[in-house]
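Participant: coords please:
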Amino acid sequence: MANITTRMLAPFRGWRVAMKRTGVDGRQRVTWIAVGPGGPPCLSGCDPGNCAPSRAVRAQLRIPIYLELAQSMTEPGPGGGGLRNSIYRRVTRSHRRMTASRRFLYSLAVPLGLGIIRLWWATCRVVKVEGQEHLDAALAKAPSLVPCFWHQHQLFCGKYLLDQAGLTRAAGQQRIKVGWLISPSVDGELGAMMVRRIGGHVIRGSSTSSGALALRDYYQALVKEDVSPVITPDGPRGPRFEFKPGAILLAQMSGRPIVPMAYAASRAWLIKWDKFVVPYPFSRIAIAVGAPRYVPRVTDAAAIERMQGELKAELKNLYHVARAAL
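Facilitator: Numbering: from 1, shown residues only. This is a model prediction of the structure:
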């Protein structure tokens, strides 16, 4: 017999996700499905009165998994926390297992990868940070915020935030706790281990596969745990320089500000679809931080679309500010 349990799904008021447990090949299999307000769960097809807010959301919630796989990836790391208290403790799309041999290989790959990144950081010199006062002003009002920069600017915008995390406030507390969204898959564990090692906090989820659930986990980290989750509005797959609404929705829900950032290098390689910026060794780096942007709780779709255009233009302008500072 299938066992149905439900839990509330933020931010869709009145909607729930239902968890259906069944036996498959001697193991427990789980399916998460959307449930309308007051309606029963529907596994295949639904009428307009009993369906999820959109087909995309329904697709995001119907994720079959094996429980023991997800549970093997919930161990917190010493450098920055484990998984959030979320559906990802039980749900992942991958059927691959975190074996002892795979974990051993990851333990070798992580120090090697981090060594290369740290060496790259060390060979480049940050000559200017424009707009440091904007970050100071945002942190003076709240312990967390929403750092936002293009996917191509992760290498040194991320380093800047980690450097800020290494500082302390007057009360001796960490100045800012920085978090990254990492896939809940077995492969994602490699990225999670690296983030913990450099002092970041890990939020396990997928903006492409389970966007609504990732938004909920972002909110919990931001408001309840004072973690500032990095958002790349055109990531992880593009289109390049298209500002998706996730950061705006998160700022609206949480009351925390969006702080846009960009960086420029004197010389750099541009790699892959997003023209990811990899500075040449011994390049000069300039970073620009924009003014905090607060989103009112009551904001309609037209206003959100307008903010997307404004923030897109702001990120472009910050790049030019950084470029001029070199």
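Participant: just confirm Ala291 is within a helix.
Facilitator: No - Ala291: not assigned to a helix; according to DSSP: H, G, I helix; E, B strand; the rest coil it is coil.
Participant: what about it, neighbour count?
Facilitator: Residues within reach of Ala291, counting by other CB atoms under 10 Å, total 14. (Glycine included, C-beta is placed from N, CA and C.)
Participant: residue ranges for the helices of the stretch 201-326 of the chain, please.
Facilitator: Along the stretch 201-326 of the chain, the stretches classed as helices by DSSP state H, counting those that start in this stretch are 211-219, 246-254, 301-324.
Participant: for the first one, name the packing helices and strands.
Facilitator: In terms of contacts (3 or more CB pairs under 8 Å, 6 or more residues apart in numbering; DSSP states H and E), helix 211-219 is packed against helix 55-61, strand 177-182, strand 201-204, helix 246-254.
Participant: secondary structure element holding Val186?
Facilitator: In this assignment (DSSP states H and E), Val186 forms part of neither any helix nor any strand.
Participant: what's around it, how many residues?
Facilitator: Val186 has 21 neighbouring residues, counting by other CB under 10 Å.
Participant: and the pLDDT for it?
Facilitator: Val186 is assigned 86 on the pLDDT scale.
Participant: and for the one 10 residues further on?
Facilitator: In the prediction, the pLDDT value recorded for Arg196 is 94.
Participant: that one: neighbouring residues, count only.
Facilitator: 20.
Participant: Thr232 versus that one, what's the distance?
Facilitator: As for Arg196, its distance to Thr232 is 20 Å (criterion: CB to CB, to the nearest Å).
Participant: check Gly200 too.
Facilitator: 14 Å.
Participant: now swap in Val277 and tell me
Facilitator: In this structure, Val277 and Thr232 are 13 Å apart, going by CB to CB.
Participant: which is the succeeding secondary structure element to whatever helix or strand Gly113 lives in?
Facilitator: Element membership for Gly113, per DSSP H and E: helix 100-123. Per DSSP H and E, helix 100-123 leads on to strand 125-130 as the next helix or strand towards the C-terminus.
Participant: who does that next one touch, helix- and strand-wise?
Facilitator: If you count contacts as 3+ CB pairs under 8 Å, 6+ apart, strand 125-130 packs onto helix 154-165, strand 284-289, helix 301-324.
Participant: what stretches of the stretch 201-326 of the chain score poorly on pLDDT?
Facilitator: Residues of the stretch 201-326 of the chain meeting the criterion pLDDT under 70: 207-211.
Participant: switch the cut-off to 90
Facilitator: Scanning the stretch 201-326 of the chain for pLDDT under 90 picks out 204-218, 235-238, 272-274, 299.
Participant: out of the helices and strands packed on helix 211-219, deepest packed?
Facilitator: strand 201-204 (a mean of 26; mean count of other CB atoms under 10 Å).
Participant: just to revisit the earlier point, so which residues make contact with the helix holding Gly113?
Facilitator: The contact list for helix 100-123, computed with CB atoms under 8 Å, 6 or more residues apart in numbering, reads 155-156, 159, 186, 189-190, 193-194, 197-198, 278-279, 281-282.
Participant: go again with 10 Å.
Facilitator: With contact meaning CB atoms under 10 Å, 6 or more residues apart in numbering, helix 100-123 is reached by 72, 96, 98-99, 155-156, 158-159, 162-163, 186-187, 189-198, 278-283, 285.
Participant: equivalent analysis for stretch 163-170, please.
Facilitator: Counting by CB under 10 Å, 6+ apart, 80, 121, 126, 129, 132, 135-136, 139-140, 143, 147, 174-178, 198-201, 228 sit against stretch 163-170.
Participant: would you confirm that Val195 contacts Leu161?
Facilitator: No - using CB atoms under 10 Å, Val195 makes no contact with Leu161, being 11.8 Å away.
Participant: any residues in contact with both of these two?
Facilitator: Residues touching both Val195 and Leu161 (CB under 10 Å, 6+ apart) are Val178, Gly179, Trp180.
Participant: per-residue pLDDT, the last one?
Facilitator: Looking back up the chat, that one is Trp180. Looking at Trp180, its pLDDT reads 94.
Participant: OK, contacts around it?
Facilitator: Listed by CB under 10 Å, 6+ apart, the contact set of Trp180 reads 80, 154, 158, 161, 191-192, 194-195, 198, 200-203, 227, 229-232.
Participant: highest mean neighbour count out of the helices and strands packed on strand 125-130?
Facilitator: It is strand 284-289: most buried of those by mean count of other CB under 10 Å, with a mean of 24.
Participant: now the angle between helix 100-123 and that one, please.
Facilitator: 100 degrees (axes from the mean of the first three to the mean of the last three CA atoms, to 10 degrees).
Participant: Val278 - nearest residue in space that isn't next to it in sequence?
Facilitator: By the measure of CB to CB, 6 or more residues apart in numbering, the closest residue to Val278 outside its immediate chain neighbours is Trp269, 4.6 Å from it.
Participant: near the one you found, how many other residues are there?
Facilitator: Per other CB under 10 Å, the neighbour tally for Trp269 reads 11.
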